[in-house]
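Got a sequence here, can you model it:
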Amino acid sequence: MTSAVPDTYLDAWRALLNAHTAVVAHAEEALAAAELPPLTWYDVLWAIRRAPDRRIRMAELASSLTISRGGLTKLADRLEDAGLICREPADTDGRGLFAVLTAEGNAMLRRIWPVYSRALRETFVSAISDQEAALIAAALRRINRPGEHAGAQADP
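Numbering: from 1, shown residues only. Predicted coordinates for the structure are as follows:
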C-alpha cells in the first residue's frame, strides 16, 4: 500500500480548498459591506429553517454544521441575543435543547440571501458551466457518502 497521493488529486484538493476560501471571503466582504451578519449566522439560521417545524436539536445542529458544541453554544448565544433564534427545552429529555427560528431570524435570512446569492453568482456560478457544476456536485456527494465511493468514477 502506498501513501502517495497522485498530483492530480492533490491539485484538485488544493483547488477545492482555495476556491472555498475565495468564495467565502467574497461573500463575507459583501455581507459586511451591506452591514449584515457573517456567513456563519446564515448557515445556522438556514439549517434551522430547513428543519421540521423550523426547530432542531442543538446537538444535531452542531453535527450538521461541523461546528463544535461549544462553538455552537457561543454562536447560539449571539443569535438568541439578536432575537434570531430561541432555545427551548426538549419535551422528552430535560437536558436537550432545541434551536428554534424566530420570525426575526427568518426575516434576517431574507435580508442576507440576496447579498449571498450575488456573491455566489460573481465567484462560483460565473466561473463554471452547468455541466461542470453537476460533475462537481456528483463527485462531492460521493465523498459525503462514506463507503459508497471506493474506486468510483464520475456519475454518467
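
burial count for Met108?
Other residues near Met108 come to 22 when the count uses other Cβ atoms under 10 Å. (Each C-beta comes from the backbone N, C-alpha and C, glycine too.)

what about it, is that helix, strand or coil?
helix (DSSP: H, G, I helix; E, B strand; the rest coil).

Now do the contacts for the closest residue to it other than its chain neighbours.
The shortest distance from Met108 to any non-neighbouring residue, by Cβ to Cβ, 6 or more residues apart in numbering, is to Leu84 (5.5 Å). Leu84 makes contacts with Trp41, Leu45, Leu101, Thr102, Glu104, Gly105, Met108, as judged by Cβ atoms under 8 Å, 6 or more residues apart in numbering.

what's the distance between Leu84 and Gly71?
17 Å (Cβ to Cβ, to the nearest Å).

Show me where the protein has its helices.
7-33, 39-50, 58-64, 69-81, 103-123, 130-143 (DSSP state H).
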